[in-house]
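Participant: Give the three-dimensional model of this entry:
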Amino acid sequence: MKRAGKFLGWLLAVILALLIIMIVFMVSSANHERKKLYYSGLEASKVADGVYHGMADAGLVKAEVKVTVQNHTIIRIDILKHENGLGTKAEAITKEMVRQNTYEVDAISGATLSSEVIKSAVSIALEKGKEQ
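Facilitator: The predicted model follows:
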């Protein structure tokens with residue numbers, strides 16, 4: 001009986017160690033991918049009226065958006081696709097982007113990577129409407 005208890009203890013320790021390694025790897029990977037996201041730096045005031053699509057991919061999180069601009073103002077952001085794991089609450093960030101007329105808003109707490117991916121996708125969409 002003691003042997004079975006020791007074996008079970010070791011097995012649980014190994015499983016716990018593997019889970020910790022997986023979490024560390026996922027967080028590290030997400031941070032690495034987040035650093036590769038693109039932000040155009042373009043202000044909405046320099047974007048022609050129209051509807052523009054943008055996509056961003058951070059490995060674990062992907063987003064595709066449609067941004068509607070009227071009178072150099074973002075009037076609507078639709079999320080067409082959002083592969084997010086646990087980051088669904090980040091989708092609320094679009095309301096703040098419309099309100100502030102920029103993609104440069106604070107990330108949603110607890111959904112940082114999804115927030116950044118959505119912001120990057122909006123940035124890319126706006127860049128497509130850059131006035132010459």
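Participant: Which strands and helices lie in contact with the longest strand seen in the chain?
Facilitator: Taking DSSP state E as the criterion, the chain has its longest strand at strand 73-83. Applying 3 or more C-beta pairs under 8 Å, 6 or more residues apart in numbering; DSSP states H and E, one finds that strand 73-83 contacts strand 62-70, helix 93-100, helix 112-128. Placement of C-beta: from N, CA and C, glycine included.
Participant: Please dump these into JSON lines; it should also carry distance to Asp78 and mean pLDDT for every row.
Facilitator: What follows is those, written out as JSON lines (distance: least, C-beta to C-beta, whole Å; pLDDT from 0 to 100):
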{"stretch": "strand 62-70", "distance to Asp78": "4", "mean pLDDT": "96"}
{"stretch": "helix 93-100", "distance to Asp78": "8", "mean pLDDT": "96"}
{"stretch": "helix 112-128", "distance to Asp78": "10", "mean pLDDT": "93"}
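Participant: Please verify my assumption that Val65 contacts Val117.
Facilitator: No. Using C-beta atoms under 8 Å, Val65 is not in contact with Val117, being 9.8 Å away.
Participant: The longest strand of the chain versus helix 93-100: what angle between them?
Facilitator: Per axes from the mean of the first three to the mean of the last three C-alpha atoms, to 10 degrees, the angle that strand 73-83 makes with helix 93-100 is 170 degrees.
Participant: Just checking: what are the partner strands of strand 73-83?
Facilitator: Note on strand 73-83: by DSSP bridges, its sheet partners are strand 62-70 (antiparallel).
Participant: rewinding a little: quick one: mean pLDDT over the longest strand of the chain.
Facilitator: Mean per-residue pLDDT for strand 73-83: 95.
Participant: Which residues does it contact?
Facilitator: The contact list for strand 73-83 (C-beta atoms under 8 Å, 6 or more residues apart in numbering) reads 44, 53, 61-69, 88, 90-91, 94, 97-98, 101-102, 114, 118, 122, 126.
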